[in-house]
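*Asks:* could you work out the structure for the sequence below:
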Amino acid sequence: MMKSFCRWLVDQFPTGDLVLGDTLHRGFMPQDVPNLCTAIMERTPGRTNPYLDHRTEKYYQLLTRGPSYTAAETEARKIYAVVINLRAIDLTPYVNTGEDIYTILITEGNEPAYIGQDPKSRFVFSANLTLRVKKEN
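*Replies:* As a prediction, the model looks like this:
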């Protein structure tokens, strides 16, 4: 699910602002990549409804760092604005062979907030995102 979501997110920035593996990372934040970048991480397991087992909630953290407070905040808010309040997003075009297919029914979250500086004095913002999704296969 996270792989296809990241591919979808990159596609929302056709100017090349987000590049998977360079300015957007999945699962962790590498230290040796550009100063201005974002990682999407799963921080808690998804929640499944026992009565609707094909529907679940995915909880992601968007962690954005930058060389200045303003750069990090601007990038975090730009990405958050794209991913919040989504409705009925079909991720089928972003799925590779063998991966599960999901539809994002709705997204909710908490706005980016400053959480401090990393060991290399880069400014870090964090936002939380909940995706209510439906497994299609």
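*Asks:* lowest average confidence, helix or strand, in the protein?
*Replies:* strand 37-49 (a mean of 79; mean pLDDT, DSSP states H and E).
*Asks:* toward the C-terminus, what is the element adjacent to it?
*Replies:* Downstream of strand 37-49, the next assigned helix or strand under DSSP states H and E is strand 52-66.
*Asks:* and the following helix or strand past that following strand, what's buried?
*Replies:* Counting by DSSP H and E, the element after strand 52-66 in chain order, helix or strand, is helix 69-83. By 16 or more other Cβ atoms under 10 Å, the buried positions in helix 69-83 come out as Ala71, Ala72, Glu73, Thr74, Glu75, Ala76, Ile79, Tyr80, Val83. Just so you know, the C-beta spots here come from the backbone N, C-alpha and C atoms, and that holds for glycine as well.
*Asks:* one more: stretch 55-72?
*Replies:* Quick answer for stretch 55-72 (16+ other Cβ under 10 Å): 55-66, 71-72.
*Asks:* now that stretch: how far from the chain's centre is it?
*Replies:* Remark: stretch 55-72 is offset 7 Å from the chain centroid, using Cα atoms, centre = their mean, to the nearest Å.
*Asks:* so for that stretch, mean pLDDT?
*Replies:* On average, the pLDDT along stretch 55-72 is 93.
*Asks:* now that stretch - C-alpha only, CSV.
*Replies:* The C-alpha trace of stretch 55-72 is given here as CSV (Å, rounded to 0.1, in the frame of the first residue of the first chain):
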residue,chain,number,x,y,z
ARG,A,55,-11.4,-2.0,4.7
THR,A,56,-8.6,-0.7,7.0
GLU,A,57,-6.9,2.4,8.2
LYS,A,58,-3.3,3.1,7.5
TYR,A,59,-1.4,5.5,9.8
TYR,A,60,1.6,7.3,8.2
GLN,A,61,4.0,9.9,9.5
LEU,A,62,5.3,12.5,7.0
LEU,A,63,8.7,13.6,8.2
THR,A,64,10.2,16.6,6.3
ARG,A,65,13.6,18.1,6.9
GLY,A,66,15.3,21.1,5.4
PRO,A,67,18.3,23.4,5.6
SER,A,68,16.2,26.2,7.2
TYR,A,69,13.0,26.4,9.2
THR,A,70,11.2,28.1,6.4
ALA,A,71,12.3,25.6,3.7
ALA,A,72,11.3,22.6,5.8
